[in-house]
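Visitor: Need a 3D model of the sequence below.
(chains A and B)
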Number of protein chains: 2
Amino acid sequence: MSASLSSSTTGVDGPAFVSPAVEPPLAHGVVGVHIGAGQHSELKTPLYLSLCSRACAQATQMLRAGHTALEAVTEATKILEDDGSTNAGFGSNLTEAGSVEMDAGIMDGQNLLFGAVGAMPGIKNPIAVAKLLVEEQRHGLLPMGRVPPAFLVGHGAKDWAIKRGLPGLEEDKLISEKSGKLYKYYKRKLELYNERQVTKKVKLLPVEVINVEDEDDKEDRAPELDKPPEDDKVTDTVGVVAIDQFGNVASSVSSGGIALKQPGRVGQASCFGCGCWAQNKMGPRDQTIGVSTTGCGEYLVRTFLAREVALNVGRAEAPIKGLKNCMDSFANSEFLENVPEKLAGAVCIQFDPELQQGEFMWTHTTASMGVAFQTTADEQATTRMSRLPIGPNKCPSDQIKNTVIAIESIPFCVKSKEPKSFLSNNKLPLEMPKENGFLDHSTLPPTSAVAT
Amino acid sequence: MSASLSSSTTGVDGPAFVSPAVEPPLAHGVVGVHIGAGQHSELKTPLYLSLCSRACAQATQMLRAGHTALEAVTEATKILEDDGSTNAGFGSNLTEAGSVEMDAGIMDGQNLLFGAVGAMPGIKNPIAVAKLLVEEQRHGLLPMGRVPPAFLVGHGAKDWAIKRGLPGLEEDKLISEKSGKLYKYYKRKLELYNERQVTKKVKLLPVEVINVEDEDDKEDRAPELDKPPEDDKVTDTVGVVAIDQFGNVASSVSSGGIALKQPGRVGQASCFGCGCWAQNKMGPRDQTIGVSTTGCGEYLVRTFLAREVALNVGRAEAPIKGLKNCMDSFANSEFLENVPEKLAGAVCIQFDPELQQGEFMWTHTTASMGVAFQTTADEQATTRMSRLPIGPNKCPSDQIKNTVIAIESIPFCVKSKEPKSFLSNNKLPLEMPKENGFLDHSTLPPTSAVAT
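Guide: Model (predicted):
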């Protein structure tokens, strides 16, 4: 077991830090955060990045105080869940029925345990329930030899959490001003679509499943729909990845799911291997790898994206090359045949214990993705709103395979007392689009990422 | 698309078969069935095998009538769900709260689509809802560009099914005489356990999580608990795998979950890659492979058992060797550290289009597992209650790695007009236990399995 000193979920105000008996193997911990792959407006970018920064600060503060990676990612995820601007926890997308149902998953790289909740109502922080599921699994079998649950859904998940002391919440307490407005907007759009379908039926025209996003530009635009309630598209899943000073990695993911989803729908955040992955020893070099994904849940499930990123990074010569291979496979996956927009994103922290260095990497096929990274030696996080220069990644149907993928990384060192530059490791001999476009963003200056 | 002629879910009484324009590539279809890995009494074995046989008959009847593998596995699974003796559909294990919550998953090997429901109440046949989820995904995006759901849980899943014409069912209509009795028995056991814990607390003894199955032999046995209500242990998940005459494979899995489970608990049947797998082209020889798993859901999820079986079989020189490799990996998985009983089972149909031959295989680490296999050329199914000769696979904690694994297979040929014996392919050069025990059951005579 690691030197976890508290089972408190209340954050850094918990029990005081007691020096561990043995010196931690790493001089510093690291944390990476994302607030979802999507299409973020320029206007709101500073707000999003400030939020990422706050989540990093929370995690690093906890890591400095000796908390485990599992505790740090939980508390950082809570910051993201509690902010009404993300699609997780408070402010989650509403279902078609107007309810809030949240997914979340967390994985502990030390014992490889995973806990998840799906379509859960009425709890402020779904990630806290997922963490409790991991903690209870650590205690072994339940009375009568029953196996403790790893994955709970719906009201059963809520009741389980309440029995363990997490407070229940009234439905409307989870609806933010933004999510409420978006729901009304999209719900009205759907009604207009359905009304038109009825008219079509009367005319005996065939009823087709079409994309109102395009169609309503022609005929559906009602006066009250002239302006979307926000100037950016609904953002997606949030997630955190961290390595603590004892070398243990943990990952989290939390999501409100797609707007106007069918009640009961569960996405990748709840599915093992799909929403997050954390493993202390992966591949031939026993690397420490943590991943958190974002994008269209159904596609990430079909491709087990979180686990695949970790496996590919673990066995690649250069970590970022592994990430590229994985995203190429994703874009060309036989499991995504006929999918017009292969929307996905991921953050990944890789650390090589032998070389005592690692990389924080991110990738996305969406227009933008907000990320941040910090080590416990940094005063503040390095943030980035990563953008594809070409706008939304929406390909015509005859170009399904030409998904454009952005990949970028920040190298770091957590042991050395001397600052090191790893920039040379970070350059890939990238050739521009073959089947898939691949954008070689310039890397961030390493200074802020090298812990000395 | 395959030559599916009906979207009816009502079975072979649907629309009449219309001859396809092209000759089907296979002369015969095949189906394999399991009713769960567990501990089946000798007394009830004939009943269990008769049920397996009926499920096979239903599937082969449908395959002969030109229905798809997806349709055939659905209808065969309904037979298993409707029988009160299995832990799926009617007769499912009850939750700790006394409710019935069912999991089911289905995969279509032709388009690789997966549909699943989890912890779903009040629908007679969960597999029918899973199949509808696959069918709706085939139609592409929903209005407003929304991605159709693949995985629905709880009351949302039930409501979705009812909107599509499946009848809802009152709670108690899903409780069989057997499942009701078992619930009362186990619930009372749990109460006795809890009462003893309270006594212990009063005595200020530490409260430990222990296995009442063992403990109550010593002190907990109340008069009304002298005889368990059934003479065999609760059986597990059911599942069906089939290949139709067009060469398409489909797999299903359906489960009532573990006895006295936490409401909202979801097991492997609902998790992609864990409960079932079906893929028309796998590995270097483009084999057709279908898998359905059974056992302890949480362990099958952690090891992605269904997908791993398919991947291993697809790349192995001899299919059964692939299955052995996979089960060895399962028994030694780092994801099952400290798990005392690695309870699992699987059936797998493998077909090599080039050689025009295949194998129906099964494996289990539990005391017994009921299976059946039939081709459309066979008048009736070949059934087997496969048993470990050593009783329940419960290893002392210092022998965690010594899981005993049974593996057996029936070779078949679906094209040739002449009967062939593939027995020589079926013998593995097995060495007896190294790390894991491995039982080389004698194979069944191939006569019943060779379609002429």
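Visitor: Give me the mean pLDDT for stretch A:138-146.
Guide: For stretch A:138-146, the mean pLDDT works out to 88.
Visitor: now that stretch, how far from the centre of its chain.
Guide: 31 Å (C-alpha atoms, centre = their mean, to the nearest Å).
Visitor: Wondering if it reaches chain B at all.
Guide: Yes - using C-beta under 8 Å from any C-beta of the partner chain, we find that stretch A:138-146 touches chain B at A:139-146. Heads up, the C-betas are built off the backbone N, CA and C, glycines and all.
Visitor: need the contact list for the one residue in the stretch 51-200 of chain A that gets nearest to chain B.
Guide: Among the residues of the stretch 51-200 of chain A, A:G156 lies nearest to chain B; the distance is 1.8 Å by C-beta to the nearest C-beta. A:G156 is in contact with B:95, B:101, B:119, B:154, B:262-265, counting by C-beta atoms under 8 Å, 6 or more residues apart in numbering or on different chains.
Visitor: Identify those among these that sit within helices.
Guide: Residues from those lying in helices, with DSSP state H as the criterion: B:G154.
Visitor: At which residues are the helices of chain A located?
Guide: A:45-64, A:69-82, A:126-138, A:154-163, A:177-202, A:212-215, A:297-302, A:305-315, A:319-331.
Visitor: Indicate which one of these is closest to B:A55.
Guide: Comparing those by their distance to B:A55 (C-beta to C-beta), the top pick is helix A:297-302, with 28.2 Å.
Visitor: Identify all contacting residues around that closest one.
Guide: Contacting residues not belonging to helix A:297-302 are listed as A:103, A:237, A:255, A:257-258, A:266-269, A:271, A:274-275, A:293, A:305-306, A:333, A:335-336, A:339, A:342-344, B:112, B:114, B:147-151, B:272 [C-beta under 8 Å, 6+ apart].
Visitor: quick one on the thing from earlier: among the contacts of A:G156, who's most crowded?
Guide: Ranked by neighbour count (other C-beta atoms under 10 Å in any protein chain shown), the contacts of A:G156 have B:A119 at the top, with 33 neighbours.
Visitor: just checking, that residue touches A:V153?
Guide: Yes - with contact defined as C-beta atoms under 8 Å, B:A119 counts as touching A:V153 (5.2 Å).
Visitor: Could you list the low-pLDDT ranges of chain A?
Guide: Under the criterion pLDDT under 70, the flagged ranges of chain A are A:1-23, A:199-235, A:390-401, A:415-452.
Visitor: tell me the domain ranges of it?
Guide: A:26-164+A:234-449, A:176-225 (automatic domain parsing).
Visitor: how long is stretch A:372-389 from one end to the other?
Guide: Using C-alpha to C-alpha, to the nearest Å, the gap from the first to the last residue of stretch A:372-389 comes to 20 Å.
Visitor: what does stretch A:79-89 give?
Guide: Terminal-residue distance, stretch A:79-89 (C-alpha to C-alpha): 10 Å.
Visitor: From the chain's centre, how far out is that stretch? Work that out for me.
Guide: The answer for stretch A:79-89 is 12 Å, by C-alpha atoms, centre = their mean.
Visitor: contacts for that stretch?
Guide: By C-beta under 8 Å, 6+ apart, stretch A:79-89 touches A:33, A:35-36, A:44, A:47-48, A:51, A:54-55, A:58, A:77-78, A:90-91, A:93, A:102, A:104, A:124-127, A:174, A:176-179, A:234-238, A:240, A:254-257.
Visitor: For B:E379, see how far away A:A242 is.
Guide: 62 Å (C-beta to C-beta, to the nearest Å).
Visitor: Compare the two and say which is more crowded by neighbours.
Guide: Legend: neighbour count by other C-beta under 10 Å for A:A242 and B:E379, higher for A:A242 (35 against 8).
Visitor: mind listing what A:I123 touches?
Guide: Neighbour list for A:I123: A:102, A:117, A:129, A:157-158, A:161-162, A:166-169 [criterion: C-beta under 8 Å, 6+ apart].
Visitor: on that earlier part again, and among the domains of chain A, the most buried is which?
Guide: domain A:26-164+A:234-449 (a mean of 23; mean count of other C-beta atoms under 10 Å in any protein chain shown).
Visitor: Spell out which residues of the stretch 301-450 of chain A are next to chain B.
Guide: A:301-302, A:304, A:334-335, A:337-338.
Visitor: hey, where'd the strands end up in chain A?
Guide: Taking DSSP state E as the test, the strands found in chain A are A:30-38, A:102-108, A:113-120, A:151-153, A:238-243, A:249-255, A:276-282, A:287-295, A:344-352, A:357-364, A:368-375, A:382-387, A:404-413, A:437-440.
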